[in-house]
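Trainee: Coordinates for the following, if possible.
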Amino acid sequence: MSPADSEALAAQTLLSAAAVRERAHRMLALALDDKLPNFRIHPDKMGGVIDLVLQTTHDAYPTFQVPFHSRWRHFVANNDSRWTAIADQTRWGDASVRARAEFDLAMVSVFLDAGAGPTWRYRDPSSGIAIGRSEGLGLASLAMFESGAFSADARDPLRADADILANLTLSDLERGLQVSDQNPLVGLQGRVGLLRSLGQLVASKPDIFGRNDTPRPGGLFDLLKARAENSRLAAPVILSELLQQLGPIWPSRLTLGGIALGDCWRHPALATGDATNGLMPLHKLSQWLAYSLIEPLQTAGIEVIDIDGLTGLAEYRNGGLFIDSGVLAFRDSQNAQREHEVASALVVEWRALTVALLDRLASGMRERLGLDAVSLPLAKVLQGGSWAAGRQLARERRSDASPPVKVISDGTVF
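Mentor: Below is the predicted model of the structure:
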């Protein structure tokens, strides 16, 4: 086997949720041994985090009937499920037609869903309310989708066509997301580039994305449907296909054996002794998308199993929860004031620890409640949950509710 082939095989091992989890827990073990360069860990404070997340979950879902953490939650405003209303009024040819549309919407919306920054707001025409961050981006992207902004067919607005995505302009997104000098959005150029890359890649793979229609992101539904066995599909398979099929769309980052590694970064503490030495996969947006494709698959009659095979999301609300609660502490307190690149060892370390600590949080919550992972999967812990508790602590500690780590974002990671 050539060195290039060997590296390509090694790269494939990083394109999975299992790799994210295994290396994140390796990072946690180093933290528990006090061997990390940027953070110290105080595991005695985890009990307080479990209390807070349990209370936050109970406040939002008193009966503990918690939905999955996914993009679909952000299409709800004032208890009004905007997508449900649209879908109920639409005459779908069959379940697969609806599923492709829902895949289109979820994929475009998630790729627009990196951190918006503290000042951007979307003024919702229906309610007149100005909404920021993920919820605002969710409603804005849904409104664009409903209006046909991503469709090549005026008679069929509820779709995203590869050619339209590939030719999106900055002004298209500025208009749809209400961006202006007075309402700036962090990483707008990165978001445009990501959607263009998505369109170009989908157009280049009609065998994957155009099996039953012209090429569109939603064509991935047909691939996943074909991979289901007896109408059952494991959640990690969803992520695996997303990483395999969409890997090239991400901005130029690390590659191994000619394979783009996506949301994967270097950290000096992760020694492995092979070609993946020092590499920490995280795949945050891809996992967020994998979670968000579960419900369309279920609606189409496919049972999604092994949902806990996915990991927690390495993003700033979940990560902020552990810093603001004192579980994680900067070794150098000045790092709380400095800005950090996404690729910095500090940010990679923080995000990896977040993934492992979310597993510990979920385990602790189940133990308290007497539930198992089927009854309380990680997707419900996130929704209930850790993300909301992280936001609550951020609001209490900083006037702009910003995360405790200042990350320089290009709009394609956070």
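Trainee: Looks like Arg21 contacts Ala352 (just checking).
Mentor: No: counting by Cβ atoms under 8 Å, Arg21 stays clear of Ala352, with 10.2 Å between them. Where you see a C-beta, it was placed from the backbone N, CA and C, and this is true even at glycine.
Trainee: Comparing these two, which residue is more hemmed in?
Mentor: Neighbour count, other Cβ atoms under 10 Å: between Arg21 and Ala352, Ala352 has more, with 29 against 20.
Trainee: Find me whatever residue is spatially closest to the more buried one, sequence neighbours aside.
Mentor: Sequence neighbours aside, Met27 is the residue nearest to Ala352 in space, at 4.1 Å (criterion: Cβ to Cβ, 6 or more residues apart in numbering).
Trainee: Which strand or helix spans that neighbour?
Mentor: Here Met27, judged by DSSP states H and E, is contained in helix 17-32.
Trainee: Now tell me what touches that helix from outside.
Mentor: 13, 36, 39-41, 43, 235-236, 239, 267, 269-270, 279-283, 287, 309-311, 314, 349, 352-357, 359-360 (Cβ atoms under 8 Å, 6 or more residues apart in numbering).
Trainee: residues touching the residue nearest the centre of the chain, list them.
Mentor: Nearest to the mean C-alpha position of the chain, by Cα atoms, centre = their mean, lies Trp288 at 2.7 Å. Contacts for Trp288 (Cβ under 8 Å, 6+ apart) come out as Ser70, Arg71, Val110, Asp113, Leu313, Glu315.
Trainee: What is the burial count for the third one?
Mentor: Meaning Val110. Neighbours of Val110 (other Cβ under 10 Å): 24.
Trainee: do the first one as well
Mentor: A count of nearby residues for Ser70, using other Cβ under 10 Å, gives 22.
Trainee: doesn't Ser231 make contact with Gly301?
Mentor: Yes: the criterion here is Cβ under 8 Å, and Gly301 meets it with Ser231 at 6.1 Å.
Trainee: Now do Leu224 against Cys264, distance only.
Mentor: 23 Å (Cβ to Cβ, to the nearest Å).
Trainee: Those two: who's more crowded?
Mentor: Shown here are Leu224 and Cys264; by other Cβ under 10 Å, Cys264 has more neighbours (25 against 21).
Trainee: OK, contacts around Phe39?
Mentor: Ala31, Leu328, Ala329, Phe330, Arg331, Leu346, Glu349, Trp350, Leu353 are the contacts of Phe39 under Cβ under 8 Å, 6+ apart.
Trainee: Including distance to Gly390, neighbour count and secondary structure, could those go into a markdown table?
Mentor: As requested, the contacts of Phe39 are exported to a markdown table (distance: Cβ to Cβ, whole Å; neighbours: other Cβ atoms under 10 Å; DSSP: H, G, I helix; E, B strand; the rest coil):
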| residue | distance to Gly390 | neighbour count | secondary structure |
| --- | --- | --- | --- |
| Ala31 | 19 | 23 | helix |
| Leu328 | 12 | 26 | strand |
| Ala329 | 16 | 14 | strand |
| Phe330 | 17 | 18 | strand |
| Arg331 | 21 | 12 | coil |
| Leu346 | 18 | 21 | helix |
| Glu349 | 17 | 24 | helix |
| Trp350 | 12 | 28 | helix |
| Leu353 | 14 | 26 | helix |
